[in-house]
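1. need the 3D shape of this:
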Amino acid sequence: MRAVRLASTVATAAVLLAALTACGSKGGSDAKSSDAKSASAQDPGSLAGALTGDPKAALAASALVMQKAGNGKVAMTSADTSNPGGGGTADWKDPGKVAADVAMDMSGKKLKVRVVGTDAYVGGDDASTPALGGKHWVKVPASEEMGGAFLVMGQMMNPVAQLTVAAQSGKLTKVGQETVDGVQTTHLRAVEDTSVLVAGMTALTPDQRQSVQKKLEEDGKTLTIDFWLNGKQELVKYQEYGDTNGESQAVTVKYSDLGKGDKIEAPAAGDLGSQADLLKLFG
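-> Numbering: from 1, shown residues only. Sure, this is the predicted structure:
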């Protein structure tokens, strides 16, 4: 199904974010806090601290900044021209209930995806309501392939997990100073071993980990994840790709309006259509 194709395109980034619970349960959260506190103890008004020093400290400090922000606008793009991505709002205040509400272009069809914790919904605009019996949304069970794919895609919007996992397990380097959308940023790079990452994904079932491992290794044994941090240690942009196809298969997420995101709630029960009509929504 086309929705799964898009989720598969971004799966290499999304799987990292499913590790946030694992990091916390295995003591990773303490390590993150220690590194981030150390970085934030430096002069907050200067880039001579975390941003121009140790990349690990910079990423850990940024994780704290992004956790404090808690939400923001997101824009996601992929190298797949038939499924170029979309944009909307994400909320990562509660790592156990990450939420995302995005509009997406999927093979020329405009659809909406909403994720609230472990629940995923897909919908369309008013023109699509006849396909759903006059409703706007369908709840997609996480146990189904498409529902699971959307949950993973929603999780990829959580910047705290991306920064945390990279700070703890990546081979880190500083690329340099670059401008992103008119903002001066520090560009950092993490190269992470796929098998080590997947082994620690305790938030996933064994079957899910096996499936993710297989999918990830189609792009290579390692992932390269680039981070762009501004002078406030906010994550402005990240990009990831495997070692097989390189940047030609990159997925990019940009963040803006941090702390100003709208509240994301599940669609009203009365606005949920039947799963039997879901195929009609995709044409």
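
2. need the pLDDT of the residue nearest the centre of the chain.
-> Nearest to the mean C-alpha position of the chain, counting by CA atoms, centre = their mean, stands residue 156 at 1.7 Å. Each residue has a pLDDT score; the one for residue 156 is 71.

3. same question for residue 3.
-> You'll see residue 3 listed with a pLDDT of 35.

4. now do residue 123
-> What the model reports for residue 123 is a pLDDT of 86.

5. with residue 143 instead?
-> On the pLDDT scale, residue 143 gets 66.

6. now residue 139
-> Listed pLDDT for residue 139 reads 90.

7. tell me if it really is in a strand.
-> Yes. Counting by DSSP: H, G, I helix; E, B strand; the rest coil, residue 139 is part of a strand.

8. what bridges to it?
-> Using DSSP bridges, the beta-bridge partners of residue 139 come out as residue 121.

9. thought it was touching residue 118?
-> No. Using CB atoms under 8 Å, residue 139 is not in contact with residue 118; the gap is 11.2 Å. All C-beta spots, glycine's among them, are computed from the backbone N, C-alpha and C.

10. residue contacts, residue 90?
-> Residues near residue 90 by CB atoms under 8 Å, 6 or more residues apart in numbering: 71-74, 98-102, 154, 157-158, 261, 264.

11. helices of this protein, start to end?
-> With DSSP state H as the definition, the chain shows helices at residue ranges 2-9, 11-17, 20-25, 28-40, 55-69, 145-155, 159-169, 194-199, 206-216, 278-281.

12. tell me the mean pLDDT for the shortest one?
-> Per-residue pLDDT values over helix 278-281 give a mean of 73.

13. show me what it is packed against.
-> strand 119-123, strand 137-140 (3 or more CB pairs under 8 Å, 6 or more residues apart in numbering; DSSP states H and E).

14. now the stretch 51-200 of the chain, which segments are flagged as low pLDDT?
-> Residues of the stretch 51-200 of the chain meeting the criterion pLDDT under 70: 51-52, 80-84, 106-108, 143-145, 148, 152, 155, 196-200.

15. now do 80
-> The model of the stretch 51-200 of the chain has pLDDT under 80 over residues 51-53, 78-85, 95-96, 105-110, 118, 124-132, 141-156, 169-170, 194-200.

16. ok, the nearest residue to residue 275 once chain neighbours are set aside to residue 213 distance?
-> Residue nearest to residue 275 in three dimensions, not counting chain neighbours: residue 138, with 5.9 Å by CB to CB, 6 or more residues apart in numbering. Here residue 138 is placed at a distance of 30 Å from residue 213 (CB to CB, to the nearest Å).

17. more crowded one of these two?
-> residue 138 (23 against 17; other CB atoms under 10 Å).

18. residue 243: neighbour count?
-> Neighbour count for residue 243, taken as other CB under 10 Å: 13.

19. residue 192 reaches residue 165, doesn't it?
-> Yes. At 7.3 Å, residue 192 counts as touching residue 165 under the criterion of CB under 8 Å.
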